[in-house]
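S.K.: Next one to model:
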Amino acid sequence: MSTVFNFTFVPWFRSVAPYIHQHRDKTFVVAIAGEAIAAGKLQHIAQDLALIKSMGVKIVLVHGFRPQVNEQLQAKGHEPKYFNGMRITDSVALDCAQEAAGQLRYEIEAAFSQGLPNTPMAGATVRMISGNFITARPVGIVDGVDFQHSGLVRKVDSAGIRRALDFGAMVLLSPFGFSPTGEAFNLTMEDVATSVATEIQADKLIFLTEVPGIRMNPLEPESEDNPIDTELPLFAAEKLLEELPAPQKPTDIAFYLRHCVQACKAGVERSHILPFAVDGSLLLEVYVHDGIGTMVIDEKLESVREASSDDVGGISQLIEPFEKDGTLVKRSRTEIERDAHLYTVIEHDGVIFACAALYPYPEAKTAEMAALTVSPLSQGQGDGEKVLKRIEQRARAAGLESIFVLTTRTMHWFIKRGFQPVDPDWLPDARKRKYNWDRRSQVLVKKLVN
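M.R.: Numbering: from 1, shown residues only. You can find the predicted model right below:
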């Protein structure tokens with residue numbers, strides 16, 4: 001049992017360690033929908049946030065309170081009123097919002113207090129600071145509708161929030177703001193979180209919501225053939241928003257997406273939509289390669305590029321398991337360091353997930369593609385094809401007419417991508433002299449079309 005545990009725990013811990021390192025000293029704004037608290041998820045969310053904070057992440061927590069305010073209104077025999085998806089806050093609704101905010105802040109602070117007993121974070125001390133960090137302005141009258149005490153964020157005390165974070169505290173914000181004259185306004189969680197993330201230039205804006213994310217085909221029904229799109233470039237998110245109707249309720253596709261787009265356009269590198277229904281979704285999104293929800297990014301985090309000497313360690317670590325099982329010919333670290341400039345890599349969040357080298361034989365107008373490797377964490381996502389495409393581009397740019405590979409186990413993969421088997425005698429003389437006849441590798445060639 002212990003051995004099995006070791007074989008599962010060690011690779012897992014190694015896979016998450018780069019993300020622990022990468023996120024240290026970064027700032028996340030985490031917005032929790034009131035529905036998550038109403039569904040009884042607060043305790044587990046608090047544990048996960050405390051765990052993330054313990055790994056060096058600075059956290060601003062913004063809570064919503066839509067269902068709590070509606071419950072208070074209904075208890076008073078008062079119907080909630082909305083227009084274009086925004087609450088109309090009359091004096092009764094304002095009282096209910098203040099009461100709900102006070103109760104939720106009490107529950108949230110209690111969840112982080114007393115050292116989180118009987119949890120993975122038992123004994124942890126999480127200090128929370130909240131205050132009047134938000135200055136608000138009234139929504140006013142829109143299309144003839146008076147929104148009364150509903151407001152929008154006018155100003156964020158970003159310096160005050162940063163001081164609290166640097167002090168080591170978690171900052172807690174309610175969707176409330178006050179005008180310079182002290183008038184209270186009911187805000188939306190989404191507006192507060194987006195404004196704060198923008199003003200403090202947070203590294204991540206995370207919405208923990210009732211929706212699982214944005215699907216590959218967002219207008220089609222949920223199904224296994226229509227999975228969550230885990231990485232949505234900003235341009236694609238903007239295009240999608242143009243095609244969608246204006247959102248009226250939180251479960252509408254555009255409801256959270258528009259705030260993600262707004263944040264990314266204002267300089268927040270990554271914004272996320274996660275389902276609170278999945279236990280540990282925050283941890284899965286932050287510390288697992290592909291996450292669980294949808295991440296909107298200003299540019300592709302995954303970059304295909306030529307390697308440098310700084311990548312030698314990452315390349316060695318990536319190909320080592322495949323050398324051990326005989327899939328790849330063993331290369332020493334010295335060889336990789338010497339040939340680093342010949343490698344193409346795919347890097348994602350500072351971690352190398354795929355690589356290949358191009359060894360040219362100019363006299364024969366061909367080159368060998370060697371050490372093509374894709375991490376098990378990202379296999380099946382097209383990384384092999386991306387590296388192959390870049391290798392082909394490099395070969396064409398060098399004036400070569402073909403590329404070839406030697407393989408013992410992946411022949412069919414290459415044949416599907418335009419390679420043809422040839423006799424080893426086809427190899428350039430310099431490569432033929434190094435051919436290992438005992439290994440009996442298949443030689444496959446692909447002609448390059450310019």
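S.K.: any chance you could map the helices in the stretch 1-150 of the chain?
M.R.: Along the stretch 1-150 of the chain, the stretches classed as helices by DSSP state H, counting those that start in this stretch are 2-23, 34-38, 42-54, 66-75, 91-111.
S.K.: Packing partners of the second one?
M.R.: Other elements packing on helix 34-38 under the criterion 3 or more C-beta pairs under 8 Å, 6 or more residues apart in numbering; DSSP states H and E are helix 66-75, helix 91-111, strand 204-209. C-beta: built from backbone N, CA, C; applies to glycine.
S.K.: How far off centre is the first one?
M.R.: Same thing as helix 66-75. Per C-alpha atoms, centre = their mean, to the nearest Å, the displacement of helix 66-75 from the mean C-alpha position of its chain is 33 Å.
S.K.: domains of this structure?
M.R.: By the record's domain assignment, the chain is partitioned as 23-300, 303-447 (automatic domain parsing).
S.K.: Can you check the distance spanned by the last one, start to finish?
M.R.: With C-alpha to C-alpha, to the nearest Å applied, domain 303-447 spans 26 Å between its terminal residues.
S.K.: quick one: which of the helices of the stretch 1-150 of the chain is nearest residue 325?
M.R.: Set against residue 325 and scored by C-beta to C-beta, the helices of the stretch 1-150 of the chain come closest in helix 2-23, at 14.3 Å.
S.K.: So what touches the closest one?
M.R.: Contacts to helix 2-23, defined as C-beta atoms under 8 Å, 6 or more residues apart in numbering, come from residues 52, 55-57, 203, 286-289, 349-351, 377.
S.K.: quick check, residue 242 in a helix?
M.R.: Yes - for residue 242, which was evaluated using DSSP: H, G, I helix; E, B strand; the rest coil, the result is membership in a helix.
S.K.: measure it to residue 373 for me?
M.R.: Remark: distance between residue 242 and residue 373 (C-beta to C-beta, to the nearest Å) = 40 Å.
S.K.: Just want to know which of the two has more residues nearby.
M.R.: Neighbour comparison, residue 242 and residue 373: the larger count goes to residue 373, with 24 against 7 (by other C-beta atoms under 10 Å).
S.K.: give the contact list for the more buried one.
M.R.: Contacts of residue 373 were listed using C-beta under 8 Å, 6+ apart, and they are 318-319, 322, 328, 354-356.
S.K.: Just the ones in strands from these, please.
M.R.: Within these, residues falling in strands by DSSP state E are 354-356.
S.K.: how about those residues in a markdown table, adding pLDDT and distance to residue 63?
M.R.: Compiled in a markdown table, these are given as follows (pLDDT from 0 to 100; distance: C-beta to C-beta, whole Å):
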| residue | pLDDT | distance to residue 63 |
| --- | --- | --- |
| 354 | 93 | 40 |
| 355 | 95 | 44 |
| 356 | 96 | 47 |
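S.K.: export those to CSV and tack on distance to residue 97 and neighbour count?
M.R.: Converted to CSV, the ones in strands among the contacts of residue 373 look like this (distance: C-beta to C-beta, whole Å; neighbours: other C-beta atoms under 10 Å):
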residue, distance to residue 97, neighbour count
354, 50, 26
355, 54, 24
356, 57, 25
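S.K.: Out of these, the closest to residue 276 would be?
M.R.: Each of the ones in strands among the contacts of residue 373 was scored against residue 276 by C-beta to C-beta, and residue 354 proved nearest at 32.9 Å.
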